[in-house]
Every structure is written in C-alpha cells, then in structure tokens.
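Novice: Task: produce atomic coordinates for the following.
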Amino acid sequence: MKIPLIIRRVVGHSMLPVLPPGTLVWGTRYFKRLKPGNVVVIVHEDKEKIKRIDQIKDNEVFVVGDHPDASTDSRQFGWLDISLVQAKIIWPRAKAL
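Specialist: Numbering: from 1, shown residues only. Model (predicted):
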C-alpha cells in the first residue's frame, strides 16, 4: 500500500529560484489530473527528481527544471511516461516563473 503523502527535500539547484536546495516539499500520490505548471516528483533512472511539467501529450509528460543551466530534465532525456510521476507537489505552492 502506498502512503498517500510524501515529504521530500529539494537537492541541487535545478528548481531555483522557486524551490532552493534544502526546501521541504509535500506531495500527494493521489491526484486526479496533471497540468502544465504542476511541480511533480518523477522517477528517472532509478532516482527521484523534482521537476515542473512543461507539456502533456497523450500519456507522456515533458518535465523541466526552473533553472535550465542546473537541470537534467526532458530537454536531455525526452518525454516520460505519465506513470513515472510519483507525486504532485502540494506544498509549498511552487508557481511558475
């Protein structure tokens, strides 16, 4: 059984300036829908990463970091299956730049 809420700490600079390193974020594993601008926890290459959804098409998401120079994201590894989204960040509210 999955725990419905997760707490993670931001590591690295990819989500600056909105989510600086060390920021605690809360996410829900149960969400009805995702949309561009949502910040999510994804699994890529067996690592959890916090990224922002830039685009959604069919059953795939294109995720990016807010600080492109410090982010490894879909600009490098391409589109991801939506099933790789582990949680939607619900706190703090991380509005897009």
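Novice: phi, psi of residue 69?
Specialist: phi -70, psi -20 (degrees, to the nearest 10).
Novice: ok, it to residue 78 distance?
Specialist: As judged by Cβ to Cβ, to the nearest Å, residue 69 and residue 78 stand 19 Å apart. Glycine gets a C-beta too; all of them are placed from N, C-alpha and C.
Novice: Could you do residue 10 as well?
Specialist: Using Cβ to Cβ, one gets 23 Å for the distance from residue 10 to residue 78.
Novice: Which one's more surrounded, those two?
Specialist: With neighbours defined as other Cβ atoms under 10 Å, residue 10 and residue 78 compare such that residue 10 has more, 19 against 9.
Novice: My read is that the more buried one contacts residue 18, right?
Specialist: No - assessed by Cβ atoms under 8 Å, residue 10 is found out of contact with residue 18, at 9.6 Å.
Novice: okay, and the common contacts of these two?
Specialist: None of the residues lies in contact with both residue 10 and residue 18 under the rule Cβ atoms under 8 Å, 6 or more residues apart in numbering.
Novice: Which stretches in the chain count as helices?
Specialist: 74-77 (DSSP state H).
Novice: where along it do the strands fall?
Specialist: Using DSSP state E, the strands of the chain run over 5-9, 24-28, 39-44, 47-57, 60-64, 80-81, 85-91.
Novice: which one of the ones you listed lies closest to residue 73?
Specialist: Among the strands of the chain, the nearest to residue 73 by Cβ to Cβ is strand 60-64 (4.7 Å).
Novice: so who does residue 81 touch?
Specialist: By Cβ under 8 Å, 6+ apart, residue 81 lies in contact with 59-60.
Novice: Residue 61 reaches residue 77, doesn't it?
Specialist: No - the pair residue 61 and residue 77 fails to qualify as a contact (Cβ under 8 Å) at a distance of 11.8 Å.
Novice: Give me the more crowded residue out of those two.
Specialist: The residue with more neighbours, out of residue 61 and residue 77, is residue 61; 24 against 11, by other Cβ under 10 Å.
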